[in-house]
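Undergrad: Please work out how this folds:
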Amino acid sequence: MDEWFYRFDLLALYAAAIILIAGGAEFGNWIGLRSFRAGAEKADVSTLASAALGLLALLIAFSFSMALSRYERRRDMVLEEANAIGSTANFTLMLPPSAQRPILSLLREYTAVRVALGVPYDSQKMTKDIARSLDIQARLWQQATAVATAEPQSLPAYLFVSSLNEINNIHEKRLTALRNHVPVVVVLMLIGSAMVAMGFTGYNAGVTGAQRHLAGLIMSIMVAALIVLVIDLDRPYRGLIQVSPQALVDAIKGFGP
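TA: Residues are numbered from 1 along each chain as shown. Below is the predicted model:
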């Protein structure tokens, strides 16, 4: 549902966040200066500015925690999938020699697809990768059915089928983890809160006759960077912070030549 938002270019999002947040600071400062020059009674908004900044810090920390937990979940799913594939390959070596070669070939092909799942990100490529994964799973189950039918009481066949079923389960878990993001409304609330907090800060400076444009810009850049970091953590295959598929690459190497 929120996928459309995470398709935007990260630099464009960063620039937009800086403009909005710095704009809020400048607007607050402009209103404060007008009040100061008009000789209006000085309003003490330092408490409000501090409260708004504190609330912003809390929201950023909460959102960062959400994004980081999702990132770690995606990373763990890659490791779980690599372990499941490796276990299935090991159990395959316990099957009759005639069944080993085609199953190992399919597992190698499946792992290669999973390594490149969503990389580089493209919705059409993702759809094709998912379809190809399901097709290879179906072919693996055909092999499993043939082995189980030929030796219904075989312990190696039972272990192989159980491990193959785990691969199927992890497939859907990993896709679900990839599709889950910090809700867009949370990100928009972060940007809105930052604009309000910086607006109060700018107003507090303006009513004293101060024009802290550089300080406001630096603060806006830093806050925008933190918000973009939250967004980037939720773009595991599209941003600067990416989930490494090294565990799956190592699983392919374990199959041998």
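
Undergrad: What is the neighbour count of residue 236?
TA: Neighbours of residue 236 under the rule other C-beta atoms under 10 Å: 23. From N, CA and C alone the C-beta is placed, and that goes for glycine too.

Undergrad: Need the three-state assignment for the residue lying closest to it once chain neighbours are set aside.
TA: Once flanking residues are discounted, residue 236 sits nearest to residue 243: 4.3 Å by C-beta to C-beta, 6 or more residues apart in numbering. Here residue 243 is coil, with the state taken from DSSP: H, G, I helix; E, B strand; the rest coil.

Undergrad: neighbours around residue 243, how many?
TA: Count around residue 243 with other C-beta under 10 Å applied: 19.

Undergrad: Would you check how far apart it and residue 170 are?
TA: Computed as C-beta to C-beta, to the nearest Å, the residue 243 to residue 170 distance reads 14 Å.

Undergrad: wait, isn't the residue nearest to residue 236 in contact with residue 71?
TA: Yes: with contacts counted by C-beta atoms under 8 Å, residue 243 reaches residue 71, the gap being 7.1 Å.

Undergrad: what sits in contact with each of those two?
TA: The contact sets of residue 243 and residue 71 overlap at residue 236 (C-beta atoms under 8 Å, 6 or more residues apart in numbering).

Undergrad: on that earlier part again, got the contact list for the residue nearest to residue 236?
TA: Contact analysis of residue 243 by C-beta under 8 Å, 6+ apart lists 71, 74, 75, 78, 236, 237.

Undergrad: Double-check the fifth one against residue 73; I have them as touching.
TA: Think residue 236. No: in this structure, residue 236 is not within contact of residue 73 by C-beta under 8 Å, at 9.8 Å.

Undergrad: from the contacts of residue 243, which single one is nearest residue 9?
TA: Nearest to residue 9 among these, counting by C-beta to C-beta, is residue 237 at 14.7 Å.

Undergrad: Counting neighbours, what do you get for the residue lying closest to the closest one once chain neighbours are set aside?
TA: Nearest non-adjacent residue to residue 237, counting by C-beta to C-beta, 6+ apart: residue 118, 4.3 Å away. The local packing of residue 118 (other C-beta under 10 Å) involves 20 other residues.

Undergrad: Residue numbering should commence at 56 henceforth.
TA: Okay, using 56 as the starting number, the last item reads as residue 173.

Undergrad: how far away is residue 173 from residue 190?
TA: According to C-beta to C-beta, residue 173 and residue 190 sit 17 Å apart.

Undergrad: repeat for residue 293
TA: Counting by C-beta to C-beta - residue 293 and residue 190 are separated by 25 Å.

Undergrad: These two: who's more crowded?
TA: Taking neighbours as other C-beta under 10 Å, residue 293 and residue 190 compare with residue 293 leading, 19 against 13.

Undergrad: The more buried one in helix, strand or coil?
TA: In three-state terms, and counting by three-state DSSP, residue 293 is coil.

Undergrad: contacting residues around it?
TA: 61, 65, 175, 176.
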